[in-house]
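[1] need a structure here:
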Amino acid sequence: MSIKVLHVYRTYFPDPPGGVQEAIRQITGASKLHGINSRIFTLSPNPSPRQIEKNECVITRSRSWLAPASCDIGGFDALARFRSEVDWADLINYHFPWPFADVLHFMSLVNKPAVLTYHSDIVRQRLLGKFYEPLMRRMLRSMAAVVATSPAYAQTSKVLQNFVSPERLKIIPLGITDYRDKSIDADLENKLFDKFSLRDKPFVLALGAMRYYKGFHTLVEAASRINGTIIIAGSGPEEIHLRKLATDKGVNNVLFVGQISDDEKLFFLKNCSIFALPSHLRSEAFGMVLIEASMFGKPMVCCEIGSGTSYVNIHNQTGFVVLPESPDLFAEAVNLLISSEELACKMGMSARRRFEEFFSGEALGAAYSMLYNRVLSLSALDQSPLMLQKRE
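    Okay, here's the model as predicted:
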């Protein structure tokens, strides 16, 4: 008998992509192979159609009326649709942070077992975080289990350390189903090589939503000292600022390619020499794109921010980890990999081995399936007549 799990997060595909959406897609897709039947409840500025069926699961959407401080807020329709999805589910998997999910949880009087995947601390909105803290503490303490995505985040997050008991805190690294061997259309490949003049040239790839914590400004500031082309793929609120910064700095080796398709992402990941993730704040709790780079056997350069980024990318093993917002150090690390094909190849192979051991879709699906089964088993035991008699 399959377990029905409802995942809850503020946004999901086809709205603009991000790391948490990709993480949820991978969790639902990977756990499906272990008998888990998933659905996703989310908000969207344009929730038409209301329900979308994708390979990984069915997505139910309600309207996002406001999004102050990246916290999408819905109305009565959201509450009604959420309650309907909860009725369907055996277990709820919330994805933190999304304060409106806490509101939905308590207003709906959810009486199903629930777990919470803790993707990131609240970093930027600290003042709002003070007002949210009582509700957050209540939410965290109501969960049967709270999942940290890396040992580093579990150890360094004050929220996890202070508000989640050790027996309920679990560590399950994010993962991704391997698509390295997927083929690229030859015409598209030739078109992209020619469009960006990338034939027989090393290039650095940076991929992700252009948000405040991604640190792309560090990469732009380092560009004049990097001996190669830099491709920055993605879109977001920081894009205009970054393009202006590149113009002001007079750099001519940075190409902003905008939002890209899955096939275009495949092309860039297959053909890049180095993958860069310059994120400088702990909002970058893991870096799903680092796993994708590891999958393709690419050496990486990222920053030490006390999160999962330096758990995926091990310094001097799978790439280099430098101080955040240090353009000189970032450029030095990238140039070292560009100048030594042997070192880059060695680190790329190490990254691939680490992907296979820790971050594969198979490992992810097995871990979440085990967690769901355990939570449901303990819930059933807790509700047994014998346990209820003991309480009385």
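[2] the helix or strand hosting residue 290: what's the following helix or strand?
    Take DSSP states H and E as the rule and residue 290 turns out to sit in helix 288-295. Moving toward the C-terminus from helix 288-295, the next helix or strand (DSSP H and E) is strand 300-303.
[3] please compute how far that following strand lies from its chain's middle.
    16 Å (CA atoms, centre = their mean, to the nearest Å).
[4] use 49 as the first number for this chain going forward.
    From this message on, residue numbering opens at 49, which makes the last subject strand 348-351.
[5] could you give the mean pLDDT of it?
    Here strand 348-351 scores 97 as its mean pLDDT.
[6] correct me if wrong: residue 271 contacts residue 299.
    Yes. Using CB atoms under 8 Å, residue 271 is in contact with residue 299, at 4.2 Å. In this view, the C-beta of every residue, glycine as well, is placed from N, C-alpha and C.
[7] quick one, helices of the stretch 199-348 of the chain?
    Per DSSP state H, counting those that start in this stretch, the stretch 199-348 of the chain carries helices over the ranges 199-204, 206-211, 234-243, 264-270, 287-297, 310-319, 336-343.
[8] put together a markdown table for those helices, with distance to residue 369, mean pLDDT and mean neighbour count on each row.
    Listed next are the helices of the stretch 199-348 of the chain as a markdown table, based on distance: least, CB to CB, whole Å; pLDDT from 0 to 100; neighbours: other CB atoms under 10 Å:
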| stretch | distance to residue 369 | mean pLDDT | mean neighbour count |
| --- | --- | --- | --- |
| helix 199-204 | 11 | 88 | 17 |
| helix 206-211 | 22 | 91 | 14 |
| helix 234-243 | 30 | 94 | 12 |
| helix 264-270 | 13 | 97 | 24 |
| helix 287-297 | 23 | 95 | 15 |
| helix 310-319 | 20 | 95 | 18 |
| helix 336-343 | 11 | 94 | 27 |
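[9] want to throw these into TSV with distance to residue 281?
    Below are these laid out as TSV (distance: least, CB to CB, whole Å):
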stretch	distance to residue 281
helix 199-204	26
helix 206-211	32
helix 234-243	11
helix 264-270	11
helix 287-297	11
helix 310-319	6
helix 336-343	10
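[10] still on that earlier bit, in terms of secondary structure, what does the helix holding residue 338 contact?
    Helices and strands touching helix 336-343, as assessed by 3 or more CB pairs under 8 Å, 6 or more residues apart in numbering; DSSP states H and E, comprise helix 67-80, strand 251-255, helix 310-319, strand 322-325, strand 348-351, helix 357-360, helix 389-406.
[11] which of these sits closest to residue 413?
    Ranking these by proximity to residue 413 (CB to CB) places helix 67-80 first, at 3.2 Å.
[12] ok, and what's touching the longest helix along the chain?
    Across the chain, the helix with the greatest residue count (assigned by DSSP state H) is helix 409-430. Helix 409-430 has contacts (CB atoms under 8 Å, 6 or more residues apart in numbering) with 51, 53, 74-75, 77-84, 138-139, 141, 161, 163, 192-193, 195, 218, 220-226, 405, 435.
[13] mind checking which of these are buried?
    Buried residues within the contacts of helix 409-430, defined by neighbour count using 16 or more other CB atoms under 10 Å: 51, 53, 74-75, 77-80, 82, 84, 138-139, 141, 161, 163, 192-193, 195, 218, 220-225.
[14] so residue 264 sits against residue 257, correct?
    No. With contact defined as CB under 8 Å, residue 264 does not count as touching residue 257 (10.1 Å).
[15] that'll do, ta.
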